[in-house]
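Trainee: Fold the following, please.
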Amino acid sequence: MNSEQTVANHKALYLTEEDKAIAAKMVAIITQISQVDTIFVLGKKIDTAHNIFKEPYTAGVHTSAFWLLVLIAGDDKRHKMYQEEIEQKCGLCCTVSSIVMQTSTFVCWLSAKNSLV
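Mentor: All right, here's what the predicted structure looks like:
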């Protein structure tokens, strides 16, 4: 079993080497914006291009977007500002949609078994 899988038994969310390089850039950008406890990849959008002119008929696959959950430390209440800045700056390397919240809020929701929606 691959120890670097994102979600157990869900191959669509495995991070490829290209994804890991993009993720490293995104982590560097996000950690410059705010003090971060954890960044979760909630999902990714995969684009496929088929070329019928090459044998065998090949498909090029690349990740075009990521959905992230960013947990920030402390009592900073500027979530929307951080969310916009993360999406804007990370957008230079890949399209990103993010949810930014305090770690303490996430832990409370998780212990109460509340959904994120």
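Trainee: Report the distance from the lengthiest helix in the chain to the chain centre.
Mentor: The longest helix of the chain (DSSP state H) is helix 17-33. Here the centre of helix 17-33 is set off from its chain's centre by 9 Å, with CA atoms, centre = their mean, to the nearest Å.
Trainee: What ranges in this structure fall below the confidence cut-off?
Mentor: 1-13, 50-51, 54-62, 114-117 (pLDDT under 70).
Trainee: Show me the helices in it, by range?
Mentor: Using DSSP H, helices in the chain cover 17-33, 79-90, 103-111.
Trainee: Quickly compare those and say which is most buried.
Mentor: Counting by mean count of other CB atoms under 10 Å, helix 79-90 has the highest mean neighbour count of the helices of the chain, with a mean of 16. In short, each C-beta sits where N, CA and C put it, glycine included.
Trainee: Just the C-alpha atoms of that helix, please, in PDB.
Mentor: Provided in PDB are the C-alpha atoms of helix 79-90 (Å, rounded to 0.1, in the frame of the first residue of the first chain):
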ATOM      1  CA  HIS A  79     -10.400  34.200   8.000                       C
ATOM      2  CA  LYS A  80     -12.000  35.800   4.900                       C
ATOM      3  CA  MET A  81      -9.000  38.000   4.300                       C
ATOM      4  CA  TYR A  82      -6.600  35.000   4.600                       C
ATOM      5  CA  GLN A  83      -8.900  33.000   2.300                       C
ATOM      6  CA  GLU A  84      -8.900  35.600  -0.400                       C
ATOM      7  CA  GLU A  85      -5.100  36.100  -0.200                       C
ATOM      8  CA  ILE A  86      -4.400  32.400  -0.300                       C
ATOM      9  CA  GLU A  87      -6.600  31.900  -3.300                       C
ATOM     10  CA  GLN A  88      -5.200  34.900  -5.100                       C
ATOM     11  CA  LYS A  89      -1.500  34.100  -4.400                       C
ATOM     12  CA  CYS A  90      -1.700  30.400  -4.900                       C
END
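Trainee: That one packs against which elements?
Mentor: helix 17-33, strand 58-72, strand 95-102 (3 or more CB pairs under 8 Å, 6 or more residues apart in numbering; DSSP states H and E).
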